[in-house]
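>>> Kindly generate the corresponding structure for this input.
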Amino acid sequence: MLVIALGTLLRFWELGTESLWFDEAYSVWVARHDLSWQFALATERIFPLLYYVVLHFWLRLGSSEFAIRFLSVLLGIGSIAALYPLARDLFDRRTALLSALLLAVSPLHVWFSQEARMYILVGTLGVLSAYSLRLALRNVCADPSSSPHGRRLWFWAGYIVSTALAVNAHYFALFLLPFHNLIVLYTLIRNRVRRGIWWEWVACQILVGVLCLVGLAGVFSDESRYWWGLLETLHGAPTLLDLLRLVFSFSLGTTVQNELFFWCGLLVFGFCALWALLHVRDGRLHLGLDDGLLFTLLYLLVPLGTVFVYSQVKSSWVLRYLFPFLPPYCILLARGLLNLPDRRSRFLLAAALLVLTLWPLANMYRFQQKEDWRNAAAYVSSLEQPDDVLLMVDEDIWLPFDHYYQGSMYHLGVSRAITDRDLLTARVGLAAKSYRRVWLLLSHTNNILLKEIVQQYPGIQPVEERHFLNVEVDLFMIDANGGGS
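Modelled structure (predicted):
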């Protein structure tokens, strides 16, 4: 209970302080549409459906930042609670408590537990799926007289439902399936189970596939090909350095950017994880791989390895997509810490882990982390006049802006991909002919060509420039005698 209490405190702390950033505002915008619109969109493009459907009903409880993110907090606490029985079944009570504690204080897990996105939902369902699978396999291997067939069917049902829900929450849950199939194959062959059990597993996989049909309907649509291509353009194929960065992010999050801290974190957490594979017997160091450790390693390495290899062809190596594979990493760390040969070494390593974790956790609360759309929109609303126009680069940023904006100014979006100077000049000229003042809103882009054109346009004078976190707001006055000439 103390671990749950600590995890709850960390996730509720400063929950509603920052404004929604782009992706969170998108979640709310989608969730406010009716369900028929959401289901139709799921068949047309990349659109993991489950989280938006849940948020659709959750928004009836409130629409403040605190209320919107509350759902993710509950899911984050749920994943801590779910990891405990899984780790206890794999190892023992001490490993389970320490695994839950490491997940509770994980900076990356706290981050996604405070974000109104689907990733924490996928991670929680992934743990439930793994635990249901573990229980079903243990039942398969047990004495039939002590493990009735009916109980195993319930475990299979839990596996089917949790796995299908995870895939419908985000497509990357599909990368859990190779792990599931490998551990089932290993267990069934090793224990020489009867043929009927194999057919039970095949039926489980078929049912998971059927239940995922709606959620996967839009993955290969024409519109989705654009998004897959964009993902490849933005991220490219991962390298070994990207693997190290992932280990660091799993260990200490993303709120500290310091090279010395990066290598210290990798050294300490890597040492801890390595000890999960080692144990001391008769004064000598040995490699040890029991069933619990094999399950944990496959849970962690098979999804990540599959994504890494796949990303060499089609880039998909994105931290938020890989986040659902964090829980087994915490189990691995816990096992490594407890495998150390004496109490003093365990205490010193635990202290090192704690000290390193405090800095990124503190940064999460001390410094603003998310795009400040709330204050940017309030600033524009407070100064706008009837003859104003708002130009936006990138064009999609109307979504988080309008979430907070209370005015009625006309918006004109400009894609960040447009670099044609004549086209941009024509758009500025149109605004200069029809309005007296031009607002320029910049975010999610390094393309400042439109700003340069506005600054150089005859008859337009700069009035104000304000910077909010990852949002720039500029105001220009159009000379009635010179503007648009």
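>>> use CA for all of it now, contacts and neighbours both
Noted.
>>> Roughly how far does Leu241 sit from Phe271?
Remark: distance between Leu241 and Phe271 (C-alpha to C-alpha, to the nearest Å) = 18 Å.
>>> And for Ala164?
From Ala164 to Phe271 the distance is 35 Å (C-alpha to C-alpha).
>>> okay, these two: which has more neighbours?
More neighbours surround Ala164 than the other of Ala164 and Phe271, with 25 against 15 (other C-alpha atoms under 10 Å).
>>> For the residue nearest the centre of the chain, give me its contacts.
Centroid-nearest residue in the chain, with C-alpha atoms, centre = their mean: Arg320, separated by 3.3 Å. Counting by C-alpha atoms under 8 Å, 6 or more residues apart in numbering, Arg320 touches Tyr119.
>>> which SSE is it in?
Taking DSSP states H and E as the criterion, Arg320 maps to helix 319-322.
>>> Which strands and helices lie in contact with the helix or strand just after that helix?
Per DSSP H and E, the first helix or strand lying C-terminal to helix 319-322 is helix 327-339. Counting contacts by 3 or more C-alpha pairs under 8 Å, 6 or more residues apart in numbering; DSSP states H and E, helix 327-339 packs against helix 93-105, helix 259-274, strand 278-281, helix 291-311, helix 343-366.
>>> Pull out the CA atoms of helix 327-339 and give them to me as CSV.
In CSV, the C-alpha atoms belonging to helix 327-339 read as follows (Å, rounded to 0.1, in the frame of the first residue of the first chain):
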residue,chain,number,x,y,z
PRO,A,327,7.3,-2.7,-16.9
PRO,A,328,9.5,-5.8,-17.5
TYR,A,329,12.6,-3.5,-17.3
CYS,A,330,11.6,-2.6,-13.8
ILE,A,331,11.2,-6.3,-12.9
LEU,A,332,14.7,-6.9,-14.4
LEU,A,333,16.2,-4.1,-12.3
ALA,A,334,14.5,-5.4,-9.1
ARG,A,335,15.8,-8.9,-9.7
GLY,A,336,19.3,-7.5,-10.4
LEU,A,337,19.4,-5.5,-7.2
LEU,A,338,18.2,-8.5,-5.1
ASN,A,339,20.8,-10.8,-6.7
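>>> Skipping adjacent residues, who's closest to Ser381 in space?
Gly407 (5.5 Å; C-alpha to C-alpha, 6 or more residues apart in numbering).
>>> so Thr233 is in which element?
Per DSSP H and E: helix 222-235 holds Thr233.
>>> In three-state terms, label the nearest residue to Glu18 once chain neighbours are set aside for me.
Nearest residue to Glu18 in three dimensions, chain neighbours excluded: Lys370, at 6.6 Å (C-alpha to C-alpha, 6+ apart). Assigned with DSSP: H, G, I helix; E, B strand; the rest coil, Lys370 falls in the coil class.
>>> Go through the helices and strands packed on helix 327-339 and name the closest to Tyr226.
helix 291-311 (16.4 Å; C-alpha to C-alpha).
>>> Tell me if I'm right that Tyr159 and Leu135 touch.
No - in this structure, Tyr159 is not within contact of Leu135 by C-alpha atoms under 8 Å, at 9.4 Å.
>>> In terms of neighbours, single out the busier of the two.
Tyr159 (26 against 19).
>>> confidence score at that one?
As predicted, Tyr159 sits at a pLDDT of 97.
>>> Ok, Ser315 next?
For Ser315, pLDDT reads 84.
>>> wait, what's in contact with the closest residue to it other than its chain neighbours?
Sequence neighbours aside, Glu232 is the residue nearest to Ser315 in space, at 4.6 Å (criterion: C-alpha to C-alpha, 6+ apart). Applying C-alpha under 8 Å, 6+ apart to Glu232 gives the contacts 314-316.
>>> quick one: the one helix or strand in the chain whose mean pLDDT sits lowest to helix 291-311, angle?
Within the chain, judged by mean pLDDT, DSSP states H and E, the helix or strand with the poorest mean is helix 222-235; its value is a mean of 71. Here helix 222-235 runs at an angle of 100 degrees relative to helix 291-311 (axes from the mean of the first three to the mean of the last three C-alpha atoms, to 10 degrees).
>>> What residues sit buried inside helix 222-235?
224, 228, 231-232 (16 or more other C-alpha atoms under 10 Å).
>>> circling back: could the contacts of Glu232 go into a markdown table alongside distance to Asn181, neighbour count and secondary structure?
Converted to a markdown table, those look like this (distance: C-alpha to C-alpha, whole Å; neighbours: other C-alpha atoms under 10 Å; DSSP: H, G, I helix; E, B strand; the rest coil):
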| residue | distance to Asn181 | neighbour count | secondary structure |
| --- | --- | --- | --- |
| Lys314 | 23 | 18 | coil |
| Ser315 | 24 | 22 | coil |
| Ser316 | 22 | 23 | coil |
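>>> No more questions from me, cheers.
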